[in-house]
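> turn this into a structure:
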Amino acid sequence: MVRTIIAEALKRSDFGAEVLVKGWVRTRRGNKTVSFIALNDGSCIHNIQVVVDNEKFGEEYLKPITTGACIAVRGNLVESMGKGQAVEIHATAIEIYGTADPESYPLQKKGHTLEFLREIAHLRPRTNTFGAVFRMRHHMAMAIHRFFHERGFFYFHTPILTASDCEGAGQMFQVTTMNLYDLKKDETGSIDYSRDFFGKQTSLTVSGQLEGELAAMAMGSIYTFGPTFRAENSNTPRHLAEFWMIEPEVAFYEIEENMQLAQDFIQYCVRWALDNCQDDLKFLSEMYDKELIDRLNFVVNNDFQRLTYTEGIKILEEAVAGGVKFEFPVGWGTDLQSEHERYLVEQHFKKPVILTDYPKEIKSFYMKQNDDGKTVRAMDVLFPKIGEIIGGSQREEDYAKLQRRADEMGVPTKDIWWYLETRKFGTAPHSGFGLGFERLLLFVTGMSNIRDVIPFPRTPNNAEF
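Next comes the predicted model:
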């Protein structure tokens, strides 16, 4: 008999039909004559109730069916008289696949802190919270691919192993096959990477942007979606050492078109969540963030406020003069902190904000310089509760300006010669941005810690599982 997933079984109304469901026991309760098993297979937030005639199966057979056990149930679909459920299954046969000792199984029917669940990340997908979060993670990935595919973008795969540092910050994880206990050095005292697998110093990528730009200059519109890595010693609720990035790059786009693409993209993803994840959103809203669904609807239904960095700084300085206290100082030329970004979004404009035209000193070498000589055509999309959720820019297409800026910021030409060369052969205006997938998930799930929206978080001093 073909298995029916519980999400589908709960929608059926052909009462009397025989069905086969399989899953993990959430709870078992009852009395001497009848047992009620709440069964969940991960296909949805809801359990299906299995009604068991104890006399038919025998107490000894049913005894191992405790919270966490895995079973298969064959039975008849019956209209439920119980509250909160339309159907239930009256069991005719039960097969026990695996038991779970009640003394040692950590997910008993009680409240568990999110901190505790991170310690058992191999089991936390079985909880309602993480089942909901990881189903939504899937749906957001589907929305991303659908959005770009429908608009003629091509999914382009950029390397994870790289010899170039896109951001120029040096916060990269090195990759080597050399014996770390016996590293050979050259006459200058530097490590001799000629003996290494790739013959040069190699790292895990911090971004697929540079390679994505090359593809855009041949294919028009592309996007990347893959893992990226930052060796940044940040123990905060907003940072991971390994995370996923979505990075579209578009030939012939200038900054205004880039801003519109970012707004359209994120509104599409949020709308997808509202349309396709209603049960999970309702659960997460009730459990963690009562304002979640209202906030998602607000983002979908409002244009994003657009203003320059200089205008944003002026608003923040006026706020400080008016008595608002920030932990970090505000002034032209400083990089905005999350508290500043959230003030603009949550207190001043009360809507998402796109900031543009940042000082060139606090932005990367590849961003197009404005005529004022001080700012670049950068853009950051700022969201409530999150702060920056998207960072992007119009890219510098002028070879001489790009070469000069790379030299000023200490980016070695030998590592990016291929990137510079595209500016020599048919250069054109182009733009793009990066969205941290987990930042998006924080927003759409209402979770407060980024470690709770990725299955196995990688953070300083933590590489478990």
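> which residues does the lowest-mean-pLDDT helix or strand in the chain contact?
Every helix and strand in the chain was compared by mean pLDDT, DSSP states H and E; the lowest is helix 413-421, with a mean of 90. With C-beta atoms under 8 Å, 6 or more residues apart in numbering as the test, helix 413-421 has contacts from 163, 164, 165, 210, 213, 214, 366, 399, 402, 403, 406, 407. Where you see a C-beta, it was placed from the backbone N, CA and C, and this is true even at glycine.
> the residue nearest to the third one when sequence neighbours are not counted: what secondary structure?
Same thing as residue 165. Spatially, and ignoring its direct neighbours in sequence, residue 165 is nearest to residue 172 (5.8 Å; C-beta to C-beta, 6 or more residues apart in numbering). Look at residue 172: counting by DSSP: H, G, I helix; E, B strand; the rest coil, its state is coil.
> quick revisit: now, which of the contacts of helix 413-421 sits nearest residue 451?
Taking C-beta to C-beta as the measure, residue 451 lies nearest residue 165 of the contacts of helix 413-421, at 25.6 Å.
> give the contact list for residue 271.
Neighbouring residues of residue 271 by C-beta under 8 Å, 6+ apart: residue 300.
> how close does it sit to residue 434?
The spacing between residue 271 and residue 434, counted by C-beta to C-beta, to the nearest Å, is 21 Å.
> repeat for residue 58
Taking C-beta to C-beta, one finds residue 58 at 60 Å from residue 434.
> okay, and for the stretch 201-350 of the chain, where does confidence drop off?
Applying pLDDT under 70 to the stretch 201-350 of the chain picks out no residues at all.
> quick one: the strands in it, in order.
202-204, 221-229, 242-251, 305-308 (DSSP state E, counting those that start in this stretch).
> so which of residue 58 and residue 434 has more stuff around it?
residue 434 (20 against 9; other C-beta atoms under 10 Å).
> please, which helix or strand holds the more buried one?
Element membership for residue 434 (DSSP states H and E) is strand 430-436.
> check residue 379 too.
Secondary structure from DSSP H and E places residue 379 in strand 375-383.
> sheet-wise, list the partners of the helix or strand that that strand is followed by with their directions.
Downstream of strand 375-383, the next assigned helix or strand under DSSP H and E is strand 387-394. According to DSSP bridges, strand 387-394 forms sheet pairs with strand 375-383 (antiparallel), strand 430-436 (antiparallel).
> and residue 56, what pLDDT?
We have a pLDDT of 95 for residue 56.
> likewise for residue 163?
Here, the pLDDT recorded for residue 163 equals 87.
> how many neighbours does it have?
Residue 163 has 16 neighbouring residues, counting by other C-beta under 10 Å.
> who touches it in this structure?
Here residue 163 is in contact with 198, 200, 201, 202, 203, 415 (criterion: C-beta under 8 Å, 6+ apart).
> export those to a markdown table and tack on neighbour count and distance to residue 302?
Output for those, formatted as a markdown table (neighbours: other C-beta atoms under 10 Å; distance: C-beta to C-beta, whole Å):
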| residue | neighbour count | distance to residue 302 |
| --- | --- | --- |
| 198 | 14 | 48 |
| 200 | 11 | 48 |
| 201 | 15 | 47 |
| 202 | 19 | 45 |
| 203 | 20 | 40 |
| 415 | 17 | 42 |
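> now, which of these sits nearest residue 90?
Using C-beta to C-beta, residue 203 is the member of the contacts of residue 163 that lies nearest residue 90, at 59.0 Å.
> surely that closest one meets residue 171?
No - using C-beta atoms under 8 Å, residue 203 is not in contact with residue 171, being 9.7 Å away.
> thinking again about what came up before, what residues of the least confident helix or strand of the chain count as buried?
Buried positions in helix 413-421, judged by neighbour count with 16 or more other C-beta atoms under 10 Å: 415, 416, 419.
> give me the pLDDT for residue 195.
In this model, residue 195 is scored at 88, pLDDT.
> spit out the contact partners of it.
Counting by C-beta under 8 Å, 6+ apart, residue 195 touches 178, 184.
> once you drop chain neighbours, what's closest to residue 223?
Counting by C-beta to C-beta, 6+ apart, residue 248 is the residue found nearest to residue 223 once chain neighbours are left out, at 4.2 Å.
> now do the same contact list for the one you found.
Residue 248 makes contacts with 148, 153, 212, 221, 222, 223, 224, 261, 265, 432, 433, as judged by C-beta under 8 Å, 6+ apart.
> ok, back up a step: show residues contacting the strand holding residue 434.
Residues outside strand 430-436 that contact it (C-beta under 8 Å, 6+ apart): 207, 209, 212-213, 216-217, 243-255, 257-258, 261-262, 265-266, 379, 381, 389-395, 397.
> give me the buried subset of those.
Neighbour-count burial (16+ other C-beta under 10 Å) applied to these gives 207, 209, 212-213, 216-217, 243-251, 253, 255, 258, 261-262, 265-266, 379, 381, 389-395, 397.
> make TSV from the contacts of helix 413-421 and add secondary structure and distance to residue 351 to it.
TSV is the format used below for the contacts of helix 413-421 (DSSP: H, G, I helix; E, B strand; the rest coil; distance: C-beta to C-beta, whole Å):
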residue	secondary structure	distance to residue 351
163	coil	42
164	coil	37
165	coil	35
210	helix	33
213	helix	31
214	helix	36
366	coil	29
399	helix	39
402	helix	35
403	helix	39
406	helix	36
407	helix	40
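> and those residues, which of them are buried?
The neighbour count (16+ other C-beta under 10 Å) marks 163, 164, 165, 210, 213, 214, 366, 402, 403, 406 as buried among the contacts of helix 413-421.
> how about the contacts of helix 413-421 in JSON lines, adding distance to residue 4?
Formatted as JSON lines, the contacts of helix 413-421 follow (distance: C-beta to C-beta, whole Å):
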{"residue": "163", "distance to residue 4": "51"}
{"residue": "164", "distance to residue 4": "51"}
{"residue": "165", "distance to residue 4": "51"}
{"residue": "210", "distance to residue 4": "48"}
{"residue": "213", "distance to residue 4": "48"}
{"residue": "214", "distance to residue 4": "48"}
{"residue": "366", "distance to residue 4": "52"}
{"residue": "399", "distance to residue 4": "61"}
{"residue": "402", "distance to residue 4": "58"}
{"residue": "403", "distance to residue 4": "62"}
{"residue": "406", "distance to residue 4": "59"}
{"residue": "407", "distance to residue 4": "64"}
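> quick one: the helices in this protein, in order.
Counting by DSSP state H, the chain has helices at residues 6-9, 54-57, 59-62, 114-119, 128-150, 209-219, 255-276, 278-287, 292-301, 309-321, 338-342, 399-408, 413-421, 437-445.
> buried deepest among these, which one?
helix 437-445 (a mean of 24; mean count of other C-beta atoms under 10 Å).
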